[in-house]
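Chemist: Coordinates for the following, if possible.
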Amino acid sequence: MKKESISLFFLRFVLFLSFFYHGTGILFDWFDGPGVQGFAGYMHFPLIIAVLVGIAETTGSLAMISGILTRIGALNIMLVMLGAIFILHLPHGFNIMNGGYEYALTEFTIALSIFIMGPGDYTITSLAKKDIPFILQ
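Modeler: The predicted structure is shown next:
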């Protein structure tokens, strides 16, 4: 299981980087992000939807890096990516160079894989060295 856990850690880390960057950019204007108002305006969303997207991305990223509630975090990321695919990217086709859904589909698939496999052994919860309930993984 060691190879699988190392691979899962790297996948979780990449999701953390991407979604922490974008989620906190929406919620807190970090990393030159658009903020809630800017994101809502750009996407023509109500403010509450922009806040929920920022929360889903940020909490999903924190679940990825910590390994706590990883499957719920993966669901957050999968929902955001499905929204991105169907609302924003699908009309542009597959190619990311044309604004297509290629990258969003990749992120969705990584999150789906983590949802199926779980977080692996390299998590904060693994420090407890006890059986962790499925929902906390």
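Chemist: from here on, contacts and neighbour counts on C-alpha atoms
Modeler: Will do.
Chemist: where does the chain have low pLDDT?
Modeler: For the chain, the stretches with pLDDT under 70 are 1, 128-130, 132-137.
Chemist: show me where it has helices.
Modeler: For the chain, helices defined by DSSP state H occupy the ranges 2-28, 35-43, 47-66, 70-83, 102-117.
Chemist: Rebuild those as TSV, extending it with distance to residue 126 and mean neighbour count.
Modeler: Output for the helices of the chain, formatted as TSV (distance: least, Cα to Cα, whole Å; neighbours: other Cα atoms under 10 Å):
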stretch	distance to residue 126	mean neighbour count
helix 2-28	11	19
helix 35-43	35	17
helix 47-66	10	23
helix 70-83	12	23
helix 102-117	15	18
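Chemist: Redo those helices as TSV? Include distance to residue 127.
Modeler: Formatted as TSV, these follow (distance: least, Cα to Cα, whole Å):
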stretch	distance to residue 127
helix 2-28	14
helix 35-43	36
helix 47-66	11
helix 70-83	15
helix 102-117	19
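Chemist: Show me the one of those that comes nearest residue 125.
Modeler: helix 47-66 (8.0 Å; Cα to Cα).
Chemist: Give the burial count for the residue lying closest to residue 25 once chain neighbours are set aside, as a bare number.
Modeler: Leaving out its chain neighbours, the residue that sits closest to residue 25 by Cα to Cα, 6 or more residues apart in numbering is residue 33, at 3.8 Å. Counted by other Cα atoms under 10 Å, the residues lying close to residue 33 total 17.
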